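Asker: Okay, here's the prediction I keep looking at, along with the sequence it came from:
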Amino acid sequence: MTVDKERLDRMIIAMRVARELPPGGYVNLGIGIPTLVSMFVADDSVVFYHSESGVLNCGPLAEDGNEDIDLINAGGQFLQPVPGMAYFSSVDAFAMIRGGHVDATVLGAHQVSATGDLANWMLPERGVGNIGGAMDLAAGADRVIVAMEHNDRQGNPKVVQECDFPLTGKGCVSLVVTDVAVLEPTPAGMVLREVAPGWTADEVQSVTGARLIIGDDVKEYEV
Amino acid sequence: MAAALSVGEITRRIVREARPGSVVAASGVWADRIRAALPGSLGVWALSDAGLMDGAPLSVADAAAIARGGYIDLAVIEAGQVDRNGSIAGAQSASGLSIPGNAVDLSSGAQRVVALLPNAGRDGVLNLAESLSLPADGVNCVDTVICDVGVINVAGGQFVLTETAPGWTAADLQAMAGVSLSVSPALRRIDLAAPSGDAVSKVYSDGVGAVADLPDGATVFIDGFGGPGGMAHYLLVALRDLGSRGLTIVSNTAGIARVVSFGTPPGRTAIDHSVLIENGQVAKAIASFPVSPSVSRPSEFELAYRRGEVELELVPQGTLAERLRAGGAGVLAFYTPTGAGTLISEGKESRTIDGREYILEYGLRADYAIIRAHRADERGNLVYRGTSRNFNAVMAPAARITVAEVDEIVAAGELNPEEIVTPGVFVQRIVKRPDGFSGYE
Amino acid sequence: MAFSKVYESAAAAVSDVRDGATLLIGGTASDDAPAELLAAVLAGGVRGLTGICDFARWDGADGLIELIRAGRVARLVSSNPFPGDDGGDVRRLWESGDLEIELVPQGTLAERLRAGGAGIGGVFVPVGIGTRFAQGKETKVINGTECVLESPLRADVALLRAAAADTMGNLTYRGVQRGWNHTMAASARLTIVQADRVEEAGNIDPELVITPGIFVNRVVQSVMIDGMGG
């Protein structure tokens, strides 16, 4: 079944995720939609960004013409120097992650299972993939928030009962924010928390591979 | 009976054990005494348990890593007792309390261990034993005992007296020892003359010369987080020109900058690992981000992988960093939660610790590391620039020979000790990237 | 930026340290140990503490020794616990059974703290094999080398000293201050730093930051610096 309703754009997903970032907390943003999240953090909420390229308290991207190859984020984008930054080695970057010092990470995903398994490093048909820092973030960050489209380009659900793509981490995802819903994986299964404007819970279920637990308190997506 | 050697004289005798350019560590007050007595020309690194490496500060974790990692050529430990097998009990306080301090780390990590019994002649007791009656801090590790009346080698279950202080005879020492001493046929008067020699220069004038002995089949750490920042382009090109084959490269990526402009200024194409791969020099890559993020723009490595020409060991980035750190820090294996329950954990030991699943990962070492830093001093101390520190600083301690490509080489003492990131003990060779050399194709 | 980790006083910064807490105490002597934070903990009256340290200001009137003398410390994990030649008050309390002591070799103490701070579940190291420090522990032969499994060490609170801190908690040290203070910063749930100088964010060169602010929760300006007071 397909639902021919308007889906939210990437900016709205990023805005919704931004509400989840803990004030005063340390956050690592993955590549893709997650990178957009920093644009939407409220002015009165301070969030510190960690990048596994080896920099803390990083901020906006460098402007054209001011690129410095020695100041990049983990996505290879150029950063502006900002007050309060600190540089460190890769081993310290991951001590921060694995040691539980990063409060939240926002990652993209190929699949998320009902119990919060994450698959985001390899598409099986390619046969080879990049792990990068994803497995460490999945294992180490206090909260793992997935920001992604609800379905892939072929319409296949990315929220599934069990992942059939290679896992990045088991039971690690705390929250899933997509272009049609906000979902919370739990040991009992995937709980539907919010739906996009105009969508019903049943319609979300119809484009979802996991059996959703739908309570009475499903809200409309708040941004 | 003649006077025993003074503390200063004992220190002068200890210093004779140090070879040029080597690393000496000592327990307690002896570290500072030894450092003060070392001739500067010797280029010896002196490590104290307060975390000072030749005057530059270290965390205790890093200082201990240097000890465990096998970097200490000579450890000097004040002993309470030494036995025939070279086991040592560290010095006790006057009231018999025994504390480990750094004696346990030094005795297990150092290449050579000298046990000090600085009060033997004064007290009339040489604390040697058939087997320790005091708690051991290290087992089968002592090579030489230096006391205030002589020098005794410990080898093959024997105490062999090799030197005596002026006015002291082998019989005098035997009378103070509770065990039988052998006397070396070459027994001689203790020599307190300052050692001579010069540390070998670490500075190489060109890239190919700095890697000239890198053999076929070597394991090589190559950094670059991914982009041109922190990538030793000049040494990469030198390694290509040298042509060593069958290499295992260990790196974050296996060369992606050229195809996706990762961390590369607009309009430029960076030199990366691809120069080795297209030259047929690479047999295997150990990496966390080995292929292009873009399926439609495959890297040289991915093409070679699909042709079956190279092997790949995929490692999560933090596990790669931690395995390198372990390799350099004398940690042989460690439990990490990263990758538990994934493909990465297949075939690996796993265990549940405090309700969480961990997998056992092993330290990683290499024959060579080719790293990039911003500035070096002649001793090999390094500072980096910005985010280009990343894997470079982690790889340096984990390779047998670390070659650093830098923008500038300054005289020893010109770097602020507080800003040194990689102590020179981890760096064997330095080469300046030539003026006008471009890291872009 | 309005955000700041700076607390107005040592007393305010340690006010939620509870009875039974495990404390990491940085430094080894008067100029690198967090004497003012320790004094504030003493004044706060908490009891039943576990102290983890190398050795801290044994010869002075302040520092951990005052907490020990006051009977506030139930357990000490240390590589150098006994002050002076006779072991002083630490020995007296230990021999009377009022103070439990766990001896840990210095490098192993540092490595266990490092593992705790870095999320490592345990390390196999070739240190202490054949000695009392390996007794009762799991061992494993790896590449022909016998190793002992050492467990990670974490604490509730770290009390540290730094030369400078910025409002975001980035730290620099002076000389041997770095030794234990940096080693311990990541290994506590709550890390509190007594800094000789407190700076606005941006006043510390990012290349010179030794302990990034992610490991630091609270910063207090030292009141008495190196002989200028007390």
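Answerer: Happy to help now that I have it.
Asker: From here on, just use CA atoms for contacts and neighbour counts.
Answerer: Noted.
Asker: quick check, the helix ranked longest in chain C touching chain A?
Answerer: In terms of residue count, the longest helix belonging to chain C (DSSP state H) is helix C:106-118. Yes: Helix C:106-118 lies within reach of chain A by Cα under 8 Å from any Cα of the partner chain, at C:Gly116, C:Gly117, C:Ala118.
Asker: where does the residue of chain A most remote from its centre land in three-state SS?
Answerer: For chain A, the largest distance from the centre (Cα atoms, centre = their mean) belongs to A:Gly65, which lies 29.9 Å off. The three-state label given to A:Gly65 by DSSP: H, G, I helix; E, B strand; the rest coil is coil.
Asker: what's the burial count for the residue in chain C positioned nearest to chain B?
Answerer: When you check chain C against chain B by Cα to the nearest Cα, the closest residue turns out to be C:Gly179, at 3.9 Å. Under the neighbour criterion other Cα atoms under 10 Å in any protein chain shown, C:Gly179 is assigned a count of 27.
Asker: and it, what does it touch?
Answerer: Contact partners of C:Gly179, counting by Cα atoms under 8 Å, 6 or more residues apart in numbering or on different chains, are B:Ala50, B:Gly51, B:Pro57, B:Leu58, B:Ser59, B:Val60, B:Ala61, C:Gly27.
Asker: Ok, B:Tyr440 next?
Answerer: B:Arg268, B:Thr269, B:Ala270, B:Ile271.
Asker: now do C:Leu208
Answerer: Residues near C:Leu208 by Cα under 8 Å, 6+ apart: B:Glu418, B:Glu419, C:Thr172.
Asker: Now do the same contact list for the second one.
Answerer: Taking Cα under 8 Å, 6+ apart as the definition of contact, the neighbours of B:Glu419 are B:Val383, C:Glu207, C:Leu208.
Asker: A:Pro60 and A:Leu36: what is the separation?
Answerer: Going from A:Pro60 to A:Leu36 by Cα to Cα, to the nearest Å gives 11 Å.
Asker: Between the two, which is the more surrounded one?
Answerer: The residue with more neighbours, out of A:Pro60 and A:Leu36 and counting by other Cα under 10 Å, is A:Leu36; that gives 20 against 12.
Asker: Do you know the pLDDT at the more buried one?
Answerer: We note a pLDDT of 91 for A:Leu36 in this prediction.
Asker: Which helix or strand contains it?
Answerer: Secondary structure assigned from DSSP states H and E places A:Leu36 in helix A:33-36.
Asker: Would you mind pulling the contact partners of that helix?
Answerer: Taking Cα under 8 Å, 6+ apart as the rule, helix A:33-36 contacts A:Arg10, A:Met11, A:Ile13, A:Ala14, A:Leu29, A:Val106, A:Leu107, A:Gly108, A:Ala147, A:Met148.
Asker: What is the subsequent helix or strand relative to it?
Answerer: Moving toward the C-terminus from helix A:33-36, the next helix or strand (DSSP H and E) is strand A:48-51.
Asker: Report the mean per-residue pLDDT for that following strand.
Answerer: Averaging pLDDT along strand A:48-51 gives 96.
Asker: and that strand, what other elements does it pack with?
Answerer: For strand A:48-51, the helices and strands in contact under the criterion 3 or more Cα pairs under 8 Å, 6 or more residues apart in numbering or on different chains; DSSP states H and E are strand A:26-29, strand A:55-58.
Asker: Run me through the strand neighbours of it, direction for each.
Answerer: Here the strand partners of strand A:48-51, with direction, are listed using DSSP bridges: strand A:26-29 (parallel), strand A:55-58 (antiparallel).
Asker: which of the residues in it are buried?
Answerer: Buried residues in strand A:48-51, defined by neighbour count with 16 or more other Cα atoms under 10 Å in any protein chain shown: A:Phe48, A:Tyr49, A:His50, A:Ser51.
Asker: now the residues you listed in JSON lines, with distance to C:Leu23?
Answerer: Converted to JSON lines, those look like this (distance: Cα to Cα, whole Å):
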{"residue": "A:Phe48", "distance to C:Leu23": "26"}
{"residue": "A:Tyr49", "distance to C:Leu23": "28"}
{"residue": "A:His50", "distance to C:Leu23": "27"}
{"residue": "A:Ser51", "distance to C:Leu23": "30"}
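Asker: Spatially central residue in chain C, please.
Answerer: For chain C, the residue whose C-alpha lies nearest the mean C-alpha position (Cα atoms, centre = their mean) is C:Ile25; its distance is 2.4 Å.
Asker: Relative to A:Asn156, how far out is that one?
Answerer: 55 Å.
Asker: try B:Gly138
Answerer: Going from B:Gly138 to A:Asn156 by Cα to Cα gives 62 Å.
Asker: quick one: secondary structure of C:Leu76?
Answerer: Counting by three-state DSSP, the three-state call for C:Leu76 is strand.
Asker: On the pLDDT front, check it for me.
Answerer: 93.
Asker: In PyMOL, how would I select just the buried ones from the contacts of C:Gly179?
Answerer: With 16+ other Cα under 10 Å as the criterion, this PyMOL line picks the buried residues out of those:
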select buried, (chain B and resi 50+51+57+58+59+60+61) or (chain C and resi 27)
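Asker: quick one, longest strand in chain A?
Answerer: Across chain A, the strand with the greatest residue count (assigned by DSSP state E) is strand A:212-220.
Asker: got any ranges where chain C has weak pLDDT?
Answerer: Applying pLDDT under 70 to the predicted model, the residue ranges of chain C that meet it are C:1-2, C:30, C:56-63, C:85, C:225-230.
Asker: gap between B:Ile286 and B:Met231?
Answerer: Summarising the geometry, the distance separating B:Ile286 from B:Met231, computed by Cα to Cα, is 17 Å.
Asker: who's more crowded, those two?
Answerer: The residue with more neighbours, out of B:Ile286 and B:Met231, is B:Met231; 27 against 21, by other Cα under 10 Å.
Asker: how would you label A:Val91: helix, strand or coil?
Answerer: Following three-state DSSP, the label given to A:Val91 is helix.
Asker: Would you confirm that A:Gly84 contacts C:Pro206?
Answerer: Yes: under the criterion of Cα atoms under 8 Å, A:Gly84 lies in contact with C:Pro206, with a separation of 7.2 Å.
Asker: distance between the ends of stretch A:75-89?
Answerer: The straight-line separation of the ends of stretch A:75-89 (Cα to Cα) is 16 Å.
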